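> Predicted model, plus sequence, below.
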Amino acid sequence: MLNIAYIGNGKSTNRYHLPFSSRLPEIANIQTIYSRSGKSAWPALEGVHYTSNLNDIYKDEGINLVVITTPNASHYDLAKQTLEAGKNVLVEKPFAETRDQAQELFDLAKEKGLFIQCYQNRRYDSDFLTTQKVIESGVLGDLIDVEIHYDRYNPEFSENSTYSLIDSYTYGLGSHSLDQAISYFGMPDDVHFDTRQILGAGKLNDYFDFDLNYGNLKVAVSGSLMRFESRPSFAIYGKRGVFIKQTKDRQEEHLKLNYTPDEPGFGQDLPEHFGTLTYLDDNGVYHKEAVVSEVGDYRQVYRDIYETIINGKEKVVKDEETLLVMQIMEDGQVDLH
């Protein structure tokens with residue numbers, strides 16, 4: 001059984017973790033939730049100990065997984081402190097501020113025989129899973145270009161911001177898209193990047209564009225906070241066809257509407273959300289058809305962690321993948337300030 005404690009009791013814990021971890025009674029028990037005040041603006045879970053004392057977590061021998069969901073700048077220090085207390089750790093993205101910090105955390109975990117991993121729930125997005133299904137069907141032929149976009153429109157946020165590496169749009173959401181690309185396509189031969197502050201120096205990094213090259217295949221990972229209309233979530237171009245998935249996974253959308261993962265239809269696409277597959281078959285016949293979306297499920301993150309901590313299986317999010325994501329994001333902002 002995973003006996004879980006959370007360090008952080010804000011939106012991340014209550015919207016993006018507890019709705020999933022609390023609905024896995026066969027493998028997970030939510031034991032303690034820490035915040036500096038010990039209070040919660042969110043509904044309290046029955047049977048959970050709420051505290052403002054970190055020692056309630058660190059000195060509890062029954063807790064075997066600590067999830068860190070605090071503001072980005074505190075991730076490294078809290079993760080290190082938690083490992084030193086002898087606890088396994090799941091860290092919200094971004095995992096740390098630099099690749100060196102990430103390497104230090106992985107080395108410390110290895111030294112102590114503990115688990116540490118970045119929370120990459122978007123490996124279980126429906127759009128990503130559907131795209132993989134189409135690629136693996138072979139209907140597109142050899143791939144030429146892959147585009148992964150993460151666009152939003154929030155100019156007020158950019159206008160009222162100041163530059164910070166770890167609170168940049170690249171670190172906040174680009175970390176998910178880069179992880180998707182690297183988890184599926186592997187380590188690229190080389191990377192080219194274009195990161196910007198659309199509103200000028202001193203403002204938020206609100207645009208990123210990373211080209212990951214794999215021989216003749218280019219995987220472009222990009223995102224912007226200034227897109228009035230979003231580009232497709234995934235656009236996959238092959239020698240014999242193209243697959244366009246315009247809309248993103250709907251689990252976050254439904255969580256914001258206070259739907260829960262055990263409700264019928266949670267996170268599922270409707271027909272208007274299905275991707276479009278256009279291709280020529282082996283006989284040269286033209287086809288254009290909708291592709292029914294796979295169903296995403298963020299609970300799988302905790303199922304995977306259970307298998308690693310309890311049953312000794314290999315981690316799903318590999319250390320080298322997280323280190324590469326950190327390196328790309330860090331290098332991409334070397335000239336921003």
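Looks like it arrived, so ask away.

> what's the following helix or strand after the worst-scoring helix or strand of the chain on mean pLDDT?
Sorting the helices and strands of the chain by mean pLDDT, DSSP states H and E puts helix 155-159 at the bottom, at a mean of 89. Once the chain leaves helix 155-159, the next helix or strand it forms, by DSSP states H and E, is helix 169.

> chain center to that following helix: distance?
13 Å (Cα atoms, centre = their mean, to the nearest Å).

> still on that earlier bit, contacts for the least confident helix or strand of the chain, please.
Around helix 155-159, the neighbours that count as contacts under Cβ atoms under 8 Å, 6 or more residues apart in numbering are 198-199, 203-204, 206, 225-226. In this view, the C-beta of every residue, glycine as well, is placed from N, C-alpha and C.

> next one: stretch 28-45
Under Cβ under 8 Å, 6+ apart, the answer for stretch 28-45 is 1-10, 13-14, 18, 21-22, 47-54, 56-57, 60, 62-63, 302, 306.

> need the strands for the stretch 151-300 of the chain, in chain order.
All strands of the stretch 151-300 of the chain, identified by DSSP state E, counting those that start in this stretch, fall at 190-196, 207-214, 217-224, 234-238, 241-245, 275-280, 286-291.

> would you turn these into JSON lines with mean pLDDT?
Below are these laid out as JSON lines (pLDDT from 0 to 100):
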{"stretch": "strand 190-196", "mean pLDDT": "96"}
{"stretch": "strand 207-214", "mean pLDDT": "98"}
{"stretch": "strand 217-224", "mean pLDDT": "98"}
{"stretch": "strand 234-238", "mean pLDDT": "98"}
{"stretch": "strand 241-245", "mean pLDDT": "98"}
{"stretch": "strand 275-280", "mean pLDDT": "98"}
{"stretch": "strand 286-291", "mean pLDDT": "98"}
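
> any chance of those strands in a markdown table, with mean neighbour count and distance to Gln251 too?
Below are the strands of the stretch 151-300 of the chain laid out as a markdown table (neighbours: other Cβ atoms under 10 Å; distance: least, Cβ to Cβ, whole Å):
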| stretch | mean neighbour count | distance to Gln251 |
| --- | --- | --- |
| strand 190-196 | 15 | 28 |
| strand 207-214 | 20 | 23 |
| strand 217-224 | 21 | 18 |
| strand 234-238 | 21 | 16 |
| strand 241-245 | 21 | 15 |
| strand 275-280 | 18 | 17 |
| strand 286-291 | 12 | 19 |
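
> now those as JSON lines including distance to Val134?
As requested, those are arranged in JSON lines below (distance: least, Cβ to Cβ, whole Å):
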{"stretch": "strand 190-196", "distance to Val134": "25"}
{"stretch": "strand 207-214", "distance to Val134": "18"}
{"stretch": "strand 217-224", "distance to Val134": "15"}
{"stretch": "strand 234-238", "distance to Val134": "7"}
{"stretch": "strand 241-245", "distance to Val134": "5"}
{"stretch": "strand 275-280", "distance to Val134": "6"}
{"stretch": "strand 286-291", "distance to Val134": "6"}
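
> for those strands, which one sits closest to Glu314?
strand 207-214 (23.0 Å; Cβ to Cβ).

> and the closest one with strand 217-224, angle?
Strand 207-214 and strand 217-224 are oriented at 170 degrees to each other (axes from the mean of the first three to the mean of the last three Cα atoms, to 10 degrees).

> Dump strand 207-214 to PDB, keeping only the CA atoms.
Extracted in PDB, the C-alpha atoms of strand 207-214 (Å, rounded to 0.1, in the frame of the first residue of the first chain):
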ATOM      1  CA  TYR A 207       6.800  31.400 -25.900                       C
ATOM      2  CA  PHE A 208       8.900  28.300 -26.600                       C
ATOM      3  CA  ASP A 209       9.800  26.400 -29.700                       C
ATOM      4  CA  PHE A 210      12.100  23.300 -29.500                       C
ATOM      5  CA  ASP A 211      13.000  21.300 -32.500                       C
ATOM      6  CA  LEU A 212      14.100  17.700 -31.600                       C
ATOM      7  CA  ASN A 213      15.800  16.000 -34.500                       C
ATOM      8  CA  TYR A 214      15.800  12.200 -35.000                       C
END
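
> so what strands line up beside it?
With DSSP bridges as the test, strand 207-214 is paired with strand 190-196 (antiparallel), strand 217-224 (antiparallel).

> Tell me which of these approaches Val89 most closely.
Of all the strands paired with strand 207-214, it is strand 217-224 that lies closest to Val89, at 26.4 Å by Cβ to Cβ.

> How far away from the center of its chain is that closest one?
Relative to the chain's own centre, strand 217-224 is displaced by 16 Å; criterion: Cα atoms, centre = their mean.

> Tell me where the stretch 201-337 of the chain is predicted with low confidence.
Residues of the stretch 201-337 of the chain meeting the criterion pLDDT under 70: none.

> Kindly reformat the strands paired with strand 207-214 as CSV containing distance to Pro94.
Output for those, formatted as CSV (distance: least, Cβ to Cβ, whole Å):
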stretch, distance to Pro94
strand 190-196, 14
strand 217-224, 14
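
> Between those strands, which one is closest to Thr260.
strand 217-224 (28.2 Å).
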